[in-house]
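[1] no letters, just coordinates:
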């Protein structure tokens, strides 16, 4: 299983970014996916989730209306479109998938991509 994030960079407040997570090593089209983030000195937190077909999404309250999670199952990729970025959105953003093998769940994380929102 491999999850590779990209798209993070430094932007000014109010700016936009689109993060991508390329997945491999498992049947991506059958797995729910999620984005999480970890700010300096804070615990990692859930940001958004999307079901395997993309038919349902959920968001952390602080990003609702600003962030959009989506996926392209033909490309094995999940995205996070982030608009109206705020300094509080500064964090390392991680892609996550839980894969079951022989009845045991395994957590898989990407290496993360840094998003910095600053003027």
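    Sure thing, it's come through. Note that the structure is predicted; figures quoted are calculated from it, not measured.
[2] list the contacts for the spatially most central residue of the chain?
    For the chain, the residue nearest the mean C-alpha position is residue 35 (2.5 Å; CA atoms, centre = their mean). Contact partners of residue 35, counting by CB atoms under 8 Å, 6 or more residues apart in numbering, are 19, 21, 46-49, 69, 78, 80, 93-96. Yep, even glycine has a C-beta here, placed from its N, CA and C like the rest.
[3] so can I have TSV of those residues showing neighbour count?
    Below are these laid out as TSV (neighbours: other CB atoms under 10 Å):
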residue	neighbour count
19	24
21	25
46	13
47	24
48	22
49	18
69	22
78	30
80	26
93	23
94	21
95	27
96	20
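[4] for this structure, what spans make up the helices?
    Read by DSSP state H, the chain holds no helices at all.
[5] please report how far the most far-flung residue of the chain relative to its centre lies from residue 118.
    Farthest-out residue of the chain from its mean C-alpha position, per CA atoms, centre = their mean: residue 102, at 26.4 Å. With distances taken as CB to CB, to the nearest Å, residue 102 is found 46 Å from residue 118.
[6] again with residue 6
    Counting by CB to CB, the gap from residue 6 to residue 118 is 20 Å.
[7] give me the more crowded residue out of the two.
    Legend: neighbour count by other CB atoms under 10 Å for residue 6 and residue 118, higher for residue 6 (15 against 10).
[8] can you tell me the closest non-neighbouring residue to the more buried one?
    Closest residue to residue 6 apart from its sequence neighbours, by CB to CB, 6 or more residues apart in numbering: residue 20 at 5.1 Å.
[9] how many residues are close by the one you found?
    By the criterion of other CB under 10 Å, residue 20 has 17 neighbours.
[10] the one 10 residues further on too?
    In terms of burial, residue 30 registers 9 neighbours under the definition other CB under 10 Å.
[11] got the contact list for it?
    Counting by CB under 8 Å, 6+ apart, residue 30 makes contact with residue 52.
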